[in-house]
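**Q** below is the sequence, then the predicted model.
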Amino acid sequence: MNVRQFRWMFATPVLLALLTTLASAQEALWQTHNSAGWKALKVREFAEAQKQFNLAIRQTEQFAPGDIRQAISLTGLAASYQAQGELPQAEALYEGALAIAEKAMGPEDDGVAAILDK
């Protein structure tokens with residue numbers, strides 16, 4: 001075993017641990033913003049809800065393309081626009097969420113049906 005192989009043998013587990021920690025932090029940050037968005041929406045604080053959902057959506061850019069978390073956050077943002085009567089914005093966001101959810105889960109999934117119900 002040469003020095004390079006020896007280094008990689010010890011560096012690989014450390015890199016994997018760092019990547020796992022980073023992924024966990026990204027997940028936690030998305031969850032924090034998404035939950036805050038739903039809480040703000042529940043008490044009709046629409047500006048705060050939209051801010052938090054937009055932050056959550058921005059966080060989903062760190063995940064794989066088409067990640068279902070993006071659809072979840074888009075649905076929340078759409079709901080905030082819908083609650084304010086801003087239906088064209090809400091409809092566009094629901095359509096985006098639906099496209100992601102259909103691709104990620106399949107068109108027959110209950111989660112897709114929930115978006116269609118909006």
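**A** Cool, got the structure. Residues are numbered from 1 along each chain as shown.
**Q** C-alpha only now, for contacts and for neighbours.
**A** Fine.
**Q** which residue ranges of the chain form helices?
**A** 3-42, 46-60, 68-83, 87-105, 110-116 (DSSP state H).
**Q** looking at the ones you listed, which is buried most?
**A** helix 68-83 (a mean of 24; mean count of other C-alpha atoms under 10 Å).
**Q** tell me the angle that one makes with helix 87-105.
**A** 160 degrees (axes from the mean of the first three to the mean of the last three C-alpha atoms, to 10 degrees).
**Q** give me the helices and strands touching helix 68-83, please.
**A** helix 3-42, helix 46-60, helix 87-105 (3 or more C-alpha pairs under 8 Å, 6 or more residues apart in numbering; DSSP states H and E).
**Q** can I get those helices in TSV including mean pLDDT?
**A** As requested, these are exported to TSV (pLDDT from 0 to 100):
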stretch	mean pLDDT
helix 3-42	68
helix 46-60	96
helix 87-105	91
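**Q** which one of these lies nearest to T75?
**A** Evaluated over these, closeness to T75 peaks at helix 87-105, with 5.8 Å, by C-alpha to C-alpha.
**Q** A90 contacts Q82, doesn't it?
**A** Yes. In this structure, A90 is within contact of Q82 by C-alpha atoms under 8 Å, at 5.3 Å.
**Q** common neighbours of these two, please.
**A** Applying C-alpha atoms under 8 Å, 6 or more residues apart in numbering, one finds that no residue jointly contacts A90 and Q82.
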